[in-house]
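Asker: Below: sequence and its predicted model.
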Amino acid sequence: MSTPIVEGILIVASIAIASILSGVVLSKVYSIESVLSQIASLEKANAQTRIKLVYLVCVSSSNFIAYVKNTGILSVNMSMIDVLVGPPGSEKPIWMLGGSAYPITQRGSQILMQGEMGGINITIQSPLDTTIISVRLIYPNGISEYAICSL
Amino acid sequence: MGLSNSLSSALLMVAMIQIFVIFGGISVGKISELSKEMYGVVSIDMRPILDRCSIVGISINPMPSGSIIYVNTSNNGSMQWWDYRKIFVILDILLTSGSKQSYFASVASLPYTIYGDTINPGIVDPGEILGVWYNLQGIYVDNISKVRVVFSTQYGGVCIG
C-alpha cells in the first residue's frame, strides 16, 4: 500500500478514536455535572429554608402550641416538621408518646408561605409528670430548635 | 516546512488561549453565582438581627361582649417597613379558672393604627409605633388572670410583653 493511503487511513482512524474518547469523556463530565447540580440545588434549598420557633404555649400538661414562622425564602410544609416533647433534655418523638401534631396557618393550610406564621397544636396521650416542658422541632433542612414552657 | 510549523504552533496557541478563556469564563461565572447565593444566605441570617421590635404598651378594656386587648409595638429595627400580612400577634391568656387560651393573627386581619406616622404614610417605618387591638369575644376582663403578648416581625424578630 502506498504511503499517502496509509497516512490517510491512520489520520481517519486517529480522528475516529479521538472523537469516541472525547465523546465518552464529555458524557461523563456532563453526568458528573448533573449530579453536582442536583446536590447543589438540594443544599441551596436547605440553606434558603429558615424557620423560627417564635413562642411555645403550655395549654395543659398534655397540650402545647408551638408557633413557628417562615423567615426563609422558600415555602415550607409544616407537616414535614418533626416534634419531640418531654422534660428538658429528655424529649421524645410524639409518636412514642401516642401523640399527634396538627399544624395550621391562619389560612387553614399546612403550607407556610414566605413570612407567614403558623401554629402546631401538639397533643399527647398521657399528661407529662413535670411542670417544665420542652418542645423540640426538627425542620425539613435538619436544623432543630427548642423552647421551654411551664405550667 | 518552517512556515507550516510556525502556522501549526500559532494555531495551537490560539486554541489553547480559547480553551483557557472559556474555562476561565465558566469558573468566574460559577464563583460569581456562588458568592451571590452565599450573600443571599448571609442576608437571610442577618434579617432577624436587623428587624427588631419592642412592645411599648398593653392595655385590656372591657366590652359588653368580652374584652379588647390593645398592643402598641415600636419598630426599632434598622430594616425597612413592615408588611402587615407578615407580622403577627400571639396572645397567651391565663384565665382565673386556671385554664389557658392562645390565639394568633396577622396584623392585616386586625384593626390597627400607626402612631408617629411621618415617614411613609400608612406604613410602619423604623421609629414608628403600631397600635393593634384584638377583640376577645366571650372573655371578660374579670375572668383574665394574666395576658402575655408576643409580637413577631416579618423577618423573624420577636418581642414579648
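Answerer: Nice, I can see it.

Asker: OK, now which residue of chain A is nearest to chain B?
Answerer: residue A:115 (3.3 Å; CB to the nearest CB). C-beta coordinates here come from the backbone N, C-alpha and C atoms, glycine included.

Asker: Quick one: neighbours of that residue, just the number.
Answerer: Using other CB atoms under 10 Å in any protein chain shown, the number of residues around residue A:115 comes to 20.

Asker: if I've got this straight, it is in a strand?
Answerer: No - read with DSSP: H, G, I helix; E, B strand; the rest coil, residue A:115 is coil and lies in no strand.

Asker: I figured it hits residue B:84, correct?
Answerer: No - applying CB atoms under 8 Å as the test, residue A:115 and residue B:84 come out as separate, 10.6 Å apart.

Asker: quick one on the thing from earlier: once you drop chain neighbours, what's closest to the residue of chain A closest to chain B?
Answerer: residue B:86 (3.3 Å; CB to CB, 6 or more residues apart in numbering or on different chains).

Asker: Also residue A:94?
Answerer: Nearest residue to residue A:94 in three dimensions, chain neighbours excluded: residue A:83, at 5.0 Å (CB to CB, 6+ apart).

Asker: Okay, the most centrally placed residue in chain B and residue B:85: tell me how far apart.
Answerer: What sits nearest the mean C-alpha location of chain B, by CA atoms, centre = their mean, is residue B:155, with 1.6 Å. Going from residue B:155 to residue B:85 by CB to CB, to the nearest Å gives 13 Å.

Asker: joint contacts of the two?
Answerer: residue A:115 (CB atoms under 8 Å, 6 or more residues apart in numbering or on different chains).

Asker: which residues in chain A form strands?
Answerer: Assigned by DSSP state E, chain A shows strands spanning A:51-60, A:63-70, A:76-77, A:82-86, A:92-93, A:100-105, A:111-112, A:117-123, A:132-138, A:144-150.

Asker: typo on my end, chain B
Answerer: B:53-63, B:66-75, B:88-95, B:100-106, B:112-115, B:129-137, B:144-152, B:158-160.

Asker: Rebuild those strands as JSON lines, extending it with mean pLDDT.
Answerer: Rendered in JSON lines, the data for these read as follows (pLDDT from 0 to 100):
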{"stretch": "strand B:53-63", "mean pLDDT": "92"}
{"stretch": "strand B:66-75", "mean pLDDT": "92"}
{"stretch": "strand B:88-95", "mean pLDDT": "93"}
{"stretch": "strand B:100-106", "mean pLDDT": "92"}
{"stretch": "strand B:112-115", "mean pLDDT": "89"}
{"stretch": "strand B:129-137", "mean pLDDT": "91"}
{"stretch": "strand B:144-152", "mean pLDDT": "92"}
{"stretch": "strand B:158-160", "mean pLDDT": "90"}
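
Asker: do you know which of those lies nearest residue A:122?
Answerer: Residue A:122 sits nearest to strand B:100-106 of all the strands of chain B, at 12.1 Å, using CB to CB.

Asker: what about whichever residue of chain B sits closest to chain A, neighbour count?
Answerer: Minimum separation of chain B from chain A (CB to the nearest CB) falls at residue B:86, amounting to 3.3 Å. By the criterion of other CB under 10 Å, residue B:86 has 21 neighbours.

Asker: and it, what does it touch?
Answerer: With contact set as CB under 8 Å, 6+ apart, residue B:86 has these partners: A:114-116, B:106, B:154.

Asker: hmm, which two among the residues you listed are most spread apart?
Answerer: By the measure CB to CB, A:114 and B:106 form the most distant pair in those, at 13.2 Å.

Asker: And the pLDDT at residue 123?
Answerer: Chain wasn't specified; assuming chain A. On pLDDT, residue A:123 comes in at 93.

Asker: You answered for a different chain; I wanted chain B.
Answerer: At residue B:123, the pLDDT value in this model is 85.

Asker: Give me the neighbour count for residue 62.
Answerer: Defaulting to chain A. If you count neighbours by other CB under 10 Å, residue A:62 ends up with 17.

Asker: could you do chain B instead?
Answerer: Look at residue B:62: counted by other CB under 10 Å, it has 11 neighbours.
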